[in-house]
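# Return atomic coordinates for the entry below.
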Amino acid sequence: MRAPLPRPGTSPAVHATKEIETAEKVLHRRYWIGSCQWWIAEYDPATGLAYGYPCLGDPAGAEWGYLDLNDLEAIDHGGRIVRRDLHRPPTRAHDAHLPGT
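Model (predicted):
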């Protein structure tokens, strides 16, 4: 039996899910601008470091990796900003239909 999904707004610390299979990782946040998307599985609020699945418009180039959420949230592309999806509940990676997977 699977563990229940966590409450929205909570994220495990960076490296906390490294023993969990990729398909079972829980995605806690989603950011987007245009065709670019960032799905976040781990987050350290003290440093802004996050681990997740970015797809920068080309699903063939999407892969799991680390990123700085402070930098991501500061992007302003000619008045277009990266938005955070505040309504998406936590979702397991295999249920999220990630581009490129």
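# Listing request: residues of the chain with sub-threshold pLDDT.
The model of the chain has pLDDT under 70 over residues 1-9, 100-101.
# go with 50
For the chain, applying pLDDT under 50 flags the ranges 1, 3, 5-6, 8.
# Quick check: Ile81 vs Ala74, distance?
9 Å (C-beta to C-beta, to the nearest Å). In short, each C-beta sits where N, CA and C put it, glycine included.
# Tell me the gap between stretch 76-88 and the middle of its chain.
14 Å (C-alpha atoms, centre = their mean, to the nearest Å).
# who touches that stretch?
Residues from elsewhere that reach stretch 76-88 (C-beta atoms under 8 Å, 6 or more residues apart in numbering): 29-34, 36, 38, 72-73, 75.
# switch the cut-off to 6 Å
For stretch 76-88, contacts defined as C-beta atoms under 6 Å, 6 or more residues apart in numbering pick out 30-33, 72, 75.
# what does stretch 11-23 give?
In contact with stretch 11-23 (C-beta under 6 Å, 6+ apart) are residues 25, 28, 41-44, 49, 51, 93-94.
# again, only using 10 Å
3, 6, 24-29, 40-47, 49-53, 64, 66, 90, 92-96, 98, 101 (C-beta atoms under 10 Å, 6 or more residues apart in numbering).
# from those residues, which would you call buried?
With burial judged by 16 or more other C-beta atoms under 10 Å, the buried subset of the contacts of stretch 11-23 is 25-29, 40-44, 49-53, 90, 92-93, 96, 98.
# Among the contacts of stretch 11-23, name the ones in strands.
Taking DSSP state E as the definition of strands, the contacts of stretch 11-23 contribute 26-27, 29, 40-43, 49-53, 66, 92.
# And the helices in the protein, which stretches?
Listed in chain order, the helices of the chain (DSSP state H) span 69-73.
# For Leu56, grab the count of nearby residues.
Per other C-beta atoms under 10 Å, the neighbour tally for Leu56 reads 14.
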